Structure formats: C-alpha cells, structure tokens
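**Q** coordinates only, no sequence provided:
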C-alpha cells in the first residue's frame, strides 16, 4: 500500500490532498482469516493511513473487507473501462467483456447478459447473482458470482487435503510416509501443509507429496472434480 500511496502523494497536488478520499477494500483472502485476525489487519492499515498520509479516510467504509459481489464487479468495471466499452462517451449497444477473475482465495465470474432480438423483453432472474450497476451515465444489469474457496491457493490446499485423505485411507503412503499425488509431474516432489480436522480443533501437518509414477492428467482431473463437487 505504501508504494501506491507514495505515488499518489507525488501526483495529487498538495493543496488537494486533504480532501482527496482514499478507500482500501480487502478481498477474499482476508475474509477467510476470521474476525479477530482480519480486524487486526484492517486496524493496522487504518492506523498507518492516518499516521503517514494526508488523504481523507472515511471512518465508515474507508478500510473494509469488500463483499464478494463487489470484488467481481470492480474487476468487471476496471477491464471494461480500460477497453473503452462503458465510458460516458462509449456508443450505445457496445458489447462488454466478461470477467473471470482467478484470485488466491476466490474466483469471480461477471458478465452483462444479452438476450438478443428474439427476446427483447427478457430480463435476468432475481437473486443474489443479479447486480444493478450505475456507471458512465447508464444503469446496467450484471450477472455475478463469487466462488469462495476456489481461488488458486485455497483450491490447491483442498486438493492436497483430499489427496492426503485418500492416500491415508487406502494405505498408499510410501515407506518414508510420502503421498503419491497424480497432480504432480513424474519424478517431482513437494512438501505441503495439510489441515487435519479433529473433533475439537484443526491442526496442521507437513506432507511430502511425490509425482513418482502416478503423474496423470486423468487422475488429477478426477481429484479436482471431487474438490469442486462436480458430481453433486
């Protein structure tokens, strides 16, 4: 944040800095930490902004964890603004770009549905997926969905946990306790942290996973399908 804010100090005229609003919106990674830890981080950021920078920071909403719906929509706005498809001077009926945002803890999908001339009166069904956006002098209806837990890092942790469970359940561990993982290339290995849930608490352990002779697209794909509940 300091790198970005130091640049803002250079660019925003000094006489306007005190009335220039700043907002910090954290994404899904912070939502997964729990209220206490995420709250401490937000307070540290808030304190740093007040102490080090002249910009105007709102007491409410200035430093917050954003809603999953907003996370995807902000990405959609960014992409389409840069592609000149939603600006105030953009010609009407200009097609917009869909956004698939793969983060570390969540994945967002956002697009503006079109129904075509054969269904001129069609509208998007009501529900949490529907997002009304006012931007560039227009009101747009977007479809959005945030898949919490399916970002790259979080999904990978789920894959590791499932592999460890399957290997332990079928007693397939190597002599050294390693776990064969079809999602690793043959001849490679990686030590990963796996969370183990007990009745009272969740603990972590290190597991060495090896590609060995089981590196397999089909096997890895099946594990990912189970993690994503594709059979449900």
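**A** Yes, it's here. Treat the numbers as computed from the prediction; the structure is a model and nothing was measured.
**Q** quick one: low-confidence parts of the chain?
**A** 120-121, 212, 214 (pLDDT under 70).
**Q** ok, the residue of it positioned farthest from its centre to residue 208 distance?
**A** Relative to the mean C-alpha coordinate of the chain, counting by Cα atoms, centre = their mean, the farthest residue is residue 175 (38.0 Å). Relative to residue 208, residue 175 is positioned 12 Å away (Cβ to Cβ, to the nearest Å). For the C-beta atoms, the positions are set from N, CA and C on the backbone; glycine is no exception.
**Q** what values do phi and psi take at the residue farthest from the centre of the chain?
**A** Backbone geometry at residue 175, expressed as degrees, to the nearest 10, gives phi -60, psi -30.
**Q** what's stretch 125-145 in contact with?
**A** Outside stretch 125-145, the residues within contact range by Cβ atoms under 8 Å, 6 or more residues apart in numbering are 69, 72-73, 76-77, 86-88, 90, 96, 108-113, 123-124.
**Q** restricted to helices, list those residues.
**A** Taking DSSP state H as the definition of helices, these contribute 69, 72, 73, 76, 77.
**Q** tell me the strands beside the biggest strand by length in the chain, with direction?
**A** Using DSSP state E to define each element, the chain has its longest strand at strand 138-148. For strand 138-148, the paired strands and their directions (DSSP bridges) read strand 106-111 (antiparallel), strand 130-135 (antiparallel).
**Q** filter the contacts of stretch 125-145 down to the buried ones.
**A** When neighbours are counted using 16 or more other Cβ atoms under 10 Å, the contacts of stretch 125-145 contain these buried positions: 69, 72, 73, 76, 77, 86, 90, 96, 108, 109, 110, 112.
**Q** could I get those as a markdown table with distance to residue 18?
**A** Putting those into a markdown table (distance: Cβ to Cβ, whole Å) gives the following:
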| residue | distance to residue 18 |
| --- | --- |
| 69 | 32 |
| 72 | 33 |
| 73 | 30 |
| 76 | 32 |
| 77 | 27 |
| 86 | 31 |
| 90 | 34 |
| 96 | 36 |
| 108 | 34 |
| 109 | 39 |
| 110 | 35 |
| 112 | 38 |
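**Q** out of those residues, which one sits closest to residue 42?
**A** If you rank the buried ones among the contacts of stretch 125-145 by distance to residue 42 using Cβ to Cβ, residue 69 comes first, at 19.4 Å.
**Q** excluding chain neighbours, what is closest to that closest one?
**A** Beyond its immediate neighbours in the sequence, the residue positioned closest to residue 69 (Cβ to Cβ, 6 or more residues apart in numbering) is residue 144, lying 5.4 Å away.
**Q** what is the burial count for that neighbour?
**A** Other residues within reach of residue 144 by the criterion other Cβ atoms under 10 Å amount to 22.
**Q** any idea how far it is from residue 204?
**A** Residue 144 is 33 Å from residue 204, by Cβ to Cβ.
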